[in-house]
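Trainee: Fold the stuff below for me.
(2 chains)
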Amino acid sequence: DTAVSQTPKYLVTQMGNDKSIKCEQNLGHDTMYWYKQDSKKFLKIMFSYNNKELIINETVPNRFSPKSPDKAHLNLHINSLELGDSAVYFCASSQSMGEKLFFGSGTQLSVL
Amino acid sequence: AQSVTQLGSHVSVSEGALVLLRCNYSSSVPPYLFWYVQYPNQGLQLLLKYTTGATLVKGINGFEAEFKKSETSFHLTKPSAHMSDAAEYFCAVANYGQNFVFGPGTRLSVLP
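Mentor: Numbering: from 1, shown residues only, chains lettered A, B, ... in the order given. Got it, this is the predicted structure:
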């Protein structure tokens, strides 16, 4: 069983569209995250979600919104996609903040 | 605020040679330190971590790292490189209750 799974693996879409990426973890962790990895491999935290507390990186545009239906899921919704949103998005989880992270395999988003 | 620097965005070694990837951090409190590896088109996997205790930490695939507080360093080493070690390596710093801060990554190439 995959510990942290995210879908889809590849997402190609047009500018202006709205899309979602799903993430599920079966580790029983309390905290989930979304990271963005740009073309230079730099990893940037977007959101962390812990016991219904959402911590947002202030540099993330409000077109991005995480939604957590339950502790095991943290989905990422993106409205009005822009060219600059093209990147690889990683979901991750940990038992608590500061504990080791378990990553999904990534979603490569290409905005045309 | 915490930060991580990794000296050398790209390191090349010959197969069988010593691997040394450098990581320096800044943290106002005793840090948790991590090394992650990312193989092409995959998510990040934990290689090793330091939280407390022994400063020489052994990880998977023959890697180890030594926490040196006086030098604020956590360099990653492996005595003998293998072709399968070619990947991107990320150093990260965290504290309990806080988000990870990742370094910019070092791409390791292993030459035959």
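Trainee: Strands of chain A, residue ranges please.
Mentor: Per DSSP state E, chain A carries strands over the ranges A:4-7, A:10-13, A:19-25, A:31-37, A:43-50, A:53-56, A:64-70, A:73-78, A:87-94, A:102-103, A:107-111.
Trainee: With mean neighbour count, distance to chain B and mean pLDDT as new columns, can these be given to me in a markdown table?
Mentor: Just so you know, the C-beta spots here come from the backbone N, C-alpha and C atoms, and that holds for glycine as well. Listed next are those as a markdown table, based on neighbours: other CB atoms under 10 Å in any protein chain shown; distance: least, CB to the nearest CB, whole Å; pLDDT from 0 to 100:
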| stretch | mean neighbour count | distance to chain B | mean pLDDT |
| --- | --- | --- | --- |
| strand A:4-7 | 19 | 8 | 96 |
| strand A:10-13 | 14 | 10 | 97 |
| strand A:19-25 | 19 | 11 | 97 |
| strand A:31-37 | 24 | 8 | 94 |
| strand A:43-50 | 19 | 4 | 90 |
| strand A:53-56 | 13 | 7 | 80 |
| strand A:64-70 | 14 | 14 | 91 |
| strand A:73-78 | 20 | 15 | 95 |
| strand A:87-94 | 24 | 6 | 96 |
| strand A:102-103 | 22 | 4 | 96 |
| strand A:107-111 | 18 | 8 | 97 |
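Trainee: Can you give me every residue that contacts the closest residue to B:Ser12 other than its chain neighbours?
Mentor: Nearest non-adjacent residue to B:Ser12, counting by CB to CB, 6 or more residues apart in numbering or on different chains: B:Ser109, 4.4 Å away. Contact analysis of B:Ser109 by CB atoms under 8 Å, 6 or more residues apart in numbering or on different chains lists B:10-13, B:86.
Trainee: List the buried residues of the helix or strand harbouring B:Ser109.
Mentor: Element membership for B:Ser109, per DSSP states H and E: strand B:106-111. Going by neighbour count (16 or more other CB atoms under 10 Å in any protein chain shown), the buried part of strand B:106-111 is B:106-108, B:110.
Trainee: One more: stretch B:46-66?
Mentor: B:46-51, B:57, B:59, B:63-65.
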